[in-house]
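In: Mind looking at a prediction? Sequence and model below.
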Amino acid sequence: MDKLKRVLSGQDDGSADGSGILERANQASTLAWGTRMKGFLVCFVLGAVCSVLGTCLLWIPGVGLAVFAVLYSVGNICALASTMFLIGPCRQLRTMCAKERALATAIMLVCLALTLCAAFWWKNNGLALLFCVLQFVAFTWYGLSYIPFARDAVMKLFSLCV
């Protein structure tokens, strides 16, 4: 707590350890394990509720797809951000950019942006739905990268089916 007070008041210059501003912020904002779990659960459940609510509202004539695209994308962002409570923002960004996850992360974020562009800017419902499906597949592939041998098992399952 003293470290947080020094950083917020500007008295801690951080030059002694040579760390960057993100690393200092991560060190200064340590949360208790219970608080981390509560933050994770709230953020994850909020993301799941947004995604399910968006799916339910998909069938509203006229505006359903735009609402779905926004809520589904916000749900994915919340679910992705929920793990920052567990491991911290710097480590989360490092793991997202690790070689085994970088492609899935990039595809997921690009599809997320393209989903919103298709829904609001281009007003193309088919593209918005396609990008939501690609967003789901990329997010699933990203999540599987955290489970040992899960990607290999999925690939083997698909090869057996095809």
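Out: Thanks, I have the structure now.
In: Report the secondary structure element holding the closest residue to residue 54 other than its chain neighbours.
Out: Leaving aside its chain neighbours, residue 54 sits nearest to residue 71 (3.0 Å; criterion: C-beta to C-beta, 6 or more residues apart in numbering). In this view, the C-beta of every residue, glycine as well, is placed from N, C-alpha and C. Take DSSP states H and E as the rule and residue 71 turns out to sit in helix 64-87.
In: which parts of that helix are buried?
Out: 65-76, 78-85 (16 or more other C-beta atoms under 10 Å).
In: and residue 104, what is it in contact with?
Out: Shown in contact with residue 104 (C-beta atoms under 8 Å, 6 or more residues apart in numbering): 138-139, 141-142, 145.
In: Return the backbone torsion pair for residue 145.
Out: Backbone geometry at residue 145, expressed as degrees, to the nearest 10, gives phi -70, psi -20.
In: now do residue 149
Out: According to degrees, to the nearest 10, residue 149 has phi 60, psi 10.
In: from memory the residue nearest to residue 54 sits against residue 56, does it?
Out: No: look at residue 71 against residue 56 with C-beta atoms under 8 Å: they stay out of range, at 9.2 Å.
In: what about residue 59, how many residues close to it?
Out: 9 (other C-beta atoms under 10 Å).
In: now residue 56
Out: Applying the criterion other C-beta under 10 Å, we find 13 residues in the vicinity of residue 56.
In: same thing with residue 135?
Out: Applying other C-beta under 10 Å, I find that residue 135 has 23 neighbouring residues.
In: ok so, going back, just put the contacts of residue 104 in JSON lines and tack on pLDDT.
Out: Formatted as JSON lines, these follow (pLDDT from 0 to 100):
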{"residue": "138", "pLDDT": "93"}
{"residue": "139", "pLDDT": "91"}
{"residue": "141", "pLDDT": "92"}
{"residue": "142", "pLDDT": "90"}
{"residue": "145", "pLDDT": "89"}
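In: List just the nearest of the residues you listed to residue 151.
Out: Closest approach to residue 151 among the contacts of residue 104 (C-beta to C-beta): residue 145, at 6.3 Å.
In: so how far is residue 42 from the closest one?
Out: 24 Å (C-beta to C-beta, to the nearest Å).
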